[in-house]
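Engineer: Structural data only, the sequence is not supplied:
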């Protein structure tokens, strides 16, 4: 099983450019999440989805949009990239939320905005 | 708002030592707590998951405990090895999301 796959793994953007990060999971999970990880800040939740067609804002949603058109895919979009969005982005998924539900993470996308 | 704190932020020990990593959280209304390992430049690997109704979980040399009422968890690593060097993160699962601590960076010297 591939688990959680993120595309691309690395990207350099110029300020003002747009891009989409793709997260795909093959575990039939309902819940999917996008986090960013910055030195000294830990992992912060950007947006999440509790099922196909639904999305919700997390802790740091400004400057990002998401879509969950298919259950297995969760897309994170940057409409107009800013240097403050330089970060490592992680996608995660879980079957549901609950006591025995384990979250699985992708390998990350390292994004640099210059 | 749930807040998760991990102490210490960094730890350096010689090989063979037993060690304890600490995690505390402010809101006890959690479904579970997970401990993850992250190697430099890599993603997160789940180590242990403790359900809110459980007190501890064990996997090999790792033992994690949970005291939900006091908002604390510990990760115990027995007989540490250089291969254990990594950042260890704890995360609590609330209604819809996971909230992470900032991690403990562990270095085990040969």
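Structural biologist: Now that the structure is in, tell me what you want to look at. Note that the structure is a prediction, hence the values are computed from the model and not measured. Residues are numbered from 1 along each chain as shown, chains lettered A, B, ... in the order given.
Engineer: and residue A:56, what helix or strand is that in?
Structural biologist: In this structure, residue A:56 sits in strand A:54-57 according to DSSP states H and E.
Engineer: quick one: is that strand near chain B?
Structural biologist: Yes. Strand A:54-57 reaches chain B (Cβ under 8 Å from any Cβ of the partner chain) through residue A:56. To be clear about C-beta, it is placed using only N, CA and C from the backbone, and glycine gets the same treatment.
Engineer: Each with direction, which strands does the following helix or strand past that strand pair with?
Structural biologist: Downstream of strand A:54-57, the next assigned helix or strand under DSSP H and E is strand A:64-67. Applying DSSP bridges to the sheet, strand A:64-67 is found paired with strand A:73-78 (antiparallel).
Engineer: Pull the residues that contact the strand it pairs with.
Structural biologist: Strand A:73-78 is contacted from outside by A:13, A:18-25, A:32-34, A:46-47, A:49, A:63-69, A:85, A:89, A:91, A:93, using Cβ atoms under 8 Å, 6 or more residues apart in numbering or on different chains.
Engineer: who in chain B is up against chain A?
Structural biologist: Going by Cβ under 8 Å from any Cβ, the residues of chain B near chain A are B:31-32, B:34, B:36, B:42-46, B:49, B:51-53, B:89, B:91, B:93-103.
Engineer: returning to that earlier point: tell me the average confidence for the strand holding residue A:56?
Structural biologist: Mean pLDDT, computed over strand A:54-57, is 95.
Engineer: With stretch A:8-17 instead?
Structural biologist: 96.
Engineer: for residue B:27, what are its contacts?
Structural biologist: With Cβ under 8 Å, 6+ apart, residue B:27 has these contacts: B:1, B:2, B:3, B:71, B:92, B:94.
Engineer: Residue B:1 versus that one, what's the distance?
Structural biologist: The gap separating residue B:27 from residue B:1 is 8 Å, by Cβ to Cβ, to the nearest Å.
Engineer: give me the beta-bridge partners of residue B:48?
Structural biologist: residue B:35.
Engineer: which residues in chain A form strands?
Structural biologist: Assigned by DSSP state E, the strands in chain A fall at A:4-7, A:10-13, A:19-25, A:31-38, A:42-51, A:54-57, A:64-67, A:73-78, A:87-94, A:104-105, A:109-113.
Engineer: All good on my end, thank you.
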